[in-house]
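> Attaching a predicted model along with its sequence, questions to come.
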Amino acid sequence: MSFIEKLDAAVKKNNSLLCIGLDIDLKRIPASLLNKGDPIFDFNKAIIDATKDLVCAYKPNIAFYEMYGIYGMQALMKTIEYATDDIPIILDAKRGDVGHTAAAYAKSAFEIYKADAVTLNPYMGFDSIEPFLSYKDKGLFMLCLTSNPSAKDFQTGGSDPLYLQVAKKVKIWNNWGNCGVVVGATQAEQLKEIRGIIGDMPILIPGIGAQGGDLSHSVRHGVNKKGERAIINSSRNIIFASQGEDFAGSARVAARKLKEDINNYRFVG
């Protein structure tokens, strides 16, 4: 099953556009887990078990695992292996480098970590993306318009802003139907324009919750005509809804509420 097929199946099965970011922080998980042999995996497993019927994807950011060295990377691999039967995993790595290095990054993401999709930085152009495209069943999300305040330094401005150039290029690169873009929820007004360019390609939309993105605009402008192909990501507000022993149950409550809020906007004109 390709990434797109897996994503669409999860959306339909769970009636959800919610993606949960598994951005681990050992300082914010219950102290009782720290006394166990594998606190990162144990935390992630509990979150997944509590929310797997509420989401369309999970998105671990690789930086939050790399900072714990070999142990963190092993925990990431175990998490991906545990979660990927029905729910796609988007590895948030933002890779982007010259061709031979990009090929190594692609092998790492898809053959070692076994992610279903990966985020990429297209700044260096097509040859930095091409090695990833050869994995036809895997999803590729190119940074298009990000949610951070300094996005305006390069991505916006001028008569043909960079984010529009990226959207147009990604549409051209989408020969295998495995491409998508990343558009921050804080850029909701531009989502409608980007959706108009890329058609039915999926849009990964981070920035809901802690970053203050607009949920209603993100959903209404992010979905396609079927009310699908928008992946609304929230991380800290869900996985750290509680730092007590009830953390998994609290994460479920937060995830269910956000899923319902998203669905309230999916088919609103």
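Thanks, I have the structure now.

> use CA for all of it now, contacts and neighbours both
Will do.

> quick check: longest helix of this protein.
Under DSSP state H, the helix in the chain containing the largest number of residues is helix 247-266.

> May I see the buried residues of that helix?
Of the residues in helix 247-266, those with enough neighbours to count as buried (16 or more other Cα atoms under 10 Å) are 247-256, 258-260, 262-263, 265-266.

> Could you do stretch 36-46 as well?
Buried residues in stretch 36-46, counted by 16+ other Cα under 10 Å: 39-45.

> from the chain's centre, how far out does the longest helix of the chain sit?
Centroid displacement of helix 247-266 relative to its chain, using Cα atoms, centre = their mean, to the nearest Å, is 17 Å.

> From the contact counts, what lies against it?
In this structure, helix 247-266 makes packing contacts with strand 18-20, helix 39-51, helix 215-222, helix 236-239, judged by 3 or more Cα pairs under 8 Å, 6 or more residues apart in numbering; DSSP states H and E.

> now for the last one, which elements pack on it?
Which is helix 236-239. Under the contact criterion of 3+ Cα pairs under 8 Å, 6+ apart, the helices and strands touching helix 236-239 comprise helix 247-266.

> Please look at residue 41 and residue 73 and confirm they touch.
No. Taking contact to mean Cα atoms under 8 Å, the distance of 10.5 Å between residue 41 and residue 73 leaves them out of contact.

> Look up how far residue 225 lies from the closest residue to residue 161 other than its chain neighbours.
Setting aside the residues directly before and after it, residue 161 is nearest to residue 155 in space (Cα to Cα, 6 or more residues apart in numbering), at 6.2 Å. Computed with Cα to Cα, to the nearest Å, the distance linking residue 155 and residue 225 is 27 Å.

> For those two, indicate the residue with more neighbours.
When neighbours are counted by other Cα atoms under 10 Å, residue 155 comes out ahead of the other of residue 155 and residue 225, with 18 against 13.

> How about the contacts made by the more buried one?
For residue 155, the contact set (Cα atoms under 8 Å, 6 or more residues apart in numbering) comprises 144-145, 161-163.

> which SS state does it fall under?
Here residue 155 takes the coil state, with states given by DSSP: H, G, I helix; E, B strand; the rest coil.

> In this structure residue 232 contacts residue 208, no?
Yes. Contact status for residue 232 versus residue 208: in contact at 7.4 Å, counting by Cα under 8 Å.

> Between these two, which has more neighbouring residues?
Summary of the neighbour comparison: residue 232 and residue 208, criterion other Cα under 10 Å, with residue 232 having more neighbours (30 against 22).

> in which helix or strand would I find that one?
Using DSSP states H and E, residue 232 sits in strand 230-234.

> Report the inter-axis angle for that strand versus helix 215-222.
Between the axes of strand 230-234 and helix 215-222, defined by axes from the mean of the first three to the mean of the last three Cα atoms, to 10 degrees, the angle is 150 degrees.
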